[in-house]
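predicted model and sequence below, questions to follow.
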Amino acid sequence: MQTWFILAAIVAPLCFALVNISDSYLVKHVAPIKALFLFSGLFTFVVAIVFLVISLSTGIEIILPTSTILILLVSGFLEFVWLWFYLKALDNEDVPVSSIIPFFQLIGVFIYILGIIFLDERLALDNLFYAFLVLLGGALLTIDFKEFKFRAREAGLMSIAALIIALGSVFFKTQAMDDLSLFPSAMFWMSLGMAITALVCYIVLPSFRKELHDTMRENRKSKTTIALNISNEVFNAIGLVAVMYASLKIQIAQVYAVGSLQFLYVFLIGVIGTLLLPKIFNENLSKASLIPKIIAIVLMIVGGAMLEMRN
């Protein structure tokens, strides 16, 4: 088995799946989303410092053209804002994380649409079909087959999150992907954009600031929040390094396509967790729920993977 496949299909998506599971636990059992939102953003000051040290210690140019810095800061702003909609979508005891995460496949659909609008790319019939598969899978995930209710709230929130990520990814990739040697400095500026946005929110939004302070005052919650957020950043970093290294071996679109297995890992962890730790996990294990969800996840993985592979 080739190294790039191990990194892109196992290491990276598994790390990102663990982050998703951790986020769901934080939202449902530990702290209010306003506190988690601010904490995640402010913690990126640490991430920015790490990438700054890496850049300076390896001799990578940190002072980029002004236009590049501004675009990367905007990318950081977008990378922070989408977290709010993602956390809001997770904030529902009745909806398992495996019904939320596959909506990230909409990112590929939105990037494809943005390419048509801004890059004058041609409409390809096969790409439209693959986009339709993703949307069909997403539509299935919006249905609670136990009570036949539509999860319009979660679908709407995750669609907004996916659109914002698509915009941020387009901005970041146009500045960082042409020269991978500048990746650490690009990550520094993007992380700084996230941190600055979080700091502004901390200053101008008193209700967010109060919930963060209240959470940090509660000893148990503060320790859990800090520990899980730090572990999230570690897993994120490992996943990101795996993705970037794999992208040196093959096209990055293929890496992201294989990385769609993340959604399958989230689902499997949810099922196993519900069997072993039912007080923490809430996956519905009835056939009426599992079969449509499996079909939806397969449709979104196939559609998203093919869409990425053909872009």
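Alright, I've got the coordinates.

okay, CA-based contacts and neighbour counts for the rest of this
Noted.

just want the most central residue of the protein.
Phe104 (7.0 Å; C-alpha atoms, centre = their mean).

check for me that Leu18 belongs to a strand.
No: checked against DSSP: H, G, I helix; E, B strand; the rest coil, Leu18 lies outside a strand; its state is helix.

tell me how far it lies from Ser159.
Counting by C-alpha to C-alpha, to the nearest Å, the separation of Leu18 from Ser159 is 22 Å.

and what of Met194?
21 Å.

can you check Lys287 too?
27 Å.

neighbour count for these two, which is higher?
Ser159 (21 against 11; other C-alpha atoms under 10 Å).

buried residues, the host helix or strand of the more buried one. List them.
Using DSSP states H and E, Ser159 maps to helix 152-176. Using 16 or more other C-alpha atoms under 10 Å as the test for burial, helix 152-176 gives 154-155, 157-169, 171-172, 175-176.

again with stretch 89-101
89-91, 95-101.

pLDDT averaged over that stretch - what is it?
Mean per-residue pLDDT for stretch 89-101: 82.

Glu93 belongs to a strand, doesn't it?
No: applying three-state DSSP, one finds Glu93 to be coil, outside a strand.

quick one: pLDDT of the nearest residue to it once chain neighbours are set aside?
Nearest residue to Glu93, sequence neighbours excluded (C-alpha to C-alpha, 6 or more residues apart in numbering): Lys28, at 6.5 Å. The model reports Lys28 with a pLDDT of 84.

am I right that Lys28 is in contact with Pro96?
No: Lys28 sits out of contact with Pro96 when judged by C-alpha atoms under 8 Å, with a separation of 10.2 Å.

identify the contacts common to these two.
Jointly contacting Lys28 and Pro96 under the rule C-alpha atoms under 8 Å, 6 or more residues apart in numbering are Leu90.

what sits against Tyr25?
Ile280.

where does it fall, phi/psi-wise?
The phi and psi values for Tyr25, taken as degrees, to the nearest 10, are phi -60, psi -40.

and it, how close does it get to Val234?
Taking C-alpha to C-alpha, one finds Tyr25 at 17 Å from Val234.
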